[in-house]
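[1] when you get a sec, could you give me coordinates for this:
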Amino acid sequence: MGSTYQFNVGFKGPTGLPKDTYVNTWHFYNGGAPTDFDNVRDMLKDFYCTTPTGNAVAKYMTNLIQSPATIKAYDMDSPKPRAPSYESTFNLTGLGTGTPVPFECAVCLSFEAARVSGQIQARRRNRVYLGPLASGILWSDGRPLPTAITSIMDAAKRLYAAQAASGSWKWQVYSGTDNKIYDIKHIWIDDSYDTQRRRGLSPSTRQDYRLT
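    Purely as a prediction, here's the structure:
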């Protein structure tokens, strides 16, 4: 009997405070083989930091993020509140330079299971909001660079190929509502930014003008 694990990849913001950690959530199913969590850590590190074609995903993320990234795995069959089954880190390499994009901006990588009649497709779909972003992702028309979209998609294809080759782990769609996992059949990314308001920076200064 296998287990489904949630892997949270955390990127520490400029303050280094836990509340300013930006988290990407992934789910992998282990089919009962020896639970080599390092294998998933390395696959996720490759997703962010290895250049399949063009630039690595990290190239489009601001260097105000602090290295290393953290990674924690949780057994979804464990009772809440869940203690981590695994904790590790990996070094973030090749982060973008230049002015950061507002931290609320993200690029969304989406993936879903096959459509099935009578089942709500929204429960068979997951998303990962990539960011905070560096200005190198900006194109002249206000959208992400087409080459950035291609690079992120190539990284997703690389991740899918890596999990297929692992023999013990499967990257999956997870439905929290149904507590079920589904095989990924469709991956996509579009050229529109998504706003993640919870990632916004807290004010550091304020100017006031009071009328007498």
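
[2] please give the element, helix or strand, for the residue nearest in space to the middle of the chain.
    Per C-alpha atoms, centre = their mean, the C-alpha nearest to the average position across the chain is that of residue 24, at 3.4 Å. Using DSSP states H and E, residue 24 maps to strand 21-30.

[3] given that strand, what are its sheet partners and their directions?
    Strand 21-30 has the following strand partners under DSSP bridges: strand 3-12 (antiparallel), strand 169-175 (antiparallel).

[4] and of those, who's closest to residue 66?
    Comparing the strands paired with strand 21-30 by their distance to residue 66 (C-beta to C-beta), the top pick is strand 3-12, with 4.1 Å. No exception for glycine: its C-beta is placed from N, CA and C like everyone else's.

[5] contacts for that closest one?
    Strand 3-12 is contacted by residues 20-30, 35, 37, 40-41, 44, 48, 61, 65-66, 69-77, 85-86, 92, 132, 172, 174, 181 when judged by C-beta atoms under 8 Å, 6 or more residues apart in numbering.

[6] any of these buried? List them.
    Restricting the contacts of strand 3-12 to buried positions leaves 20-22, 24, 26-30, 35, 37, 40-41, 44, 48, 61, 65-66, 69, 71-76, 86, 92, 132, 172, 174, 181, with burial counted as 16 or more other C-beta atoms under 10 Å.

[7] now the strand holding residue 24: average pLDDT?
    For strand 21-30, the mean per-residue pLDDT is 97.

[8] what segments of this protein are strands?
    All strands of the chain, identified by DSSP state E, fall at 3-12, 21-30, 66-75, 86-90, 105-112, 125-130, 169-175, 180-183, 186-189, 194-195.

[9] ok, which of those comes nearest residue 141?
    Smallest distance to residue 141 across those (C-beta to C-beta): 15.1 Å, for strand 105-112.

[10] number of nearby residues for residue 32?
    By other C-beta atoms under 10 Å, 10 other residues sit near residue 32.

[11] for the helix ranked longest in the chain, packing partners?
    Longest helix in the chain, counting residues (DSSP state H): helix 146-166. The contact analysis (3 or more C-beta pairs under 8 Å, 6 or more residues apart in numbering; DSSP states H and E) places helix 146-166 against helix 37-49, strand 105-112, strand 169-175, strand 186-189.

[12] in the sheet, who's paired with the residue lying closest to residue 180 once chain neighbours are set aside?
    Distances taken as C-beta to C-beta, 6 or more residues apart in numbering put residue 174 closest to residue 180, at 7.6 Å, once the chain neighbours are dropped. For residue 174, the beta-bridge partners are residue 181 (DSSP bridges).

[13] surely residue 174 touches residue 181?
    Yes. If you go by C-beta atoms under 8 Å, residue 174 and residue 181 touch, sitting 5.3 Å apart.

[14] any common contacting residues for the two?
    Residues touching both residue 174 and residue 181 (C-beta under 8 Å, 6+ apart): 4, 27.

[15] so how far is residue 145 from residue 64?
    20 Å (C-beta to C-beta, to the nearest Å).

[16] for residue 193, find the nearest of the strands paired with strand 21-30.
    strand 3-12 (17.5 Å).

[17] reformat the helices and strands packed on helix 146-166 as JSON lines; add distance to residue 123.
    JSON lines is the format used below for the helices and strands packed on helix 146-166 (distance: least, C-beta to C-beta, whole Å):
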{"stretch": "helix 37-49", "distance to residue 123": "23"}
{"stretch": "strand 105-112", "distance to residue 123": "10"}
{"stretch": "strand 169-175", "distance to residue 123": "4"}
{"stretch": "strand 186-189", "distance to residue 123": "15"}
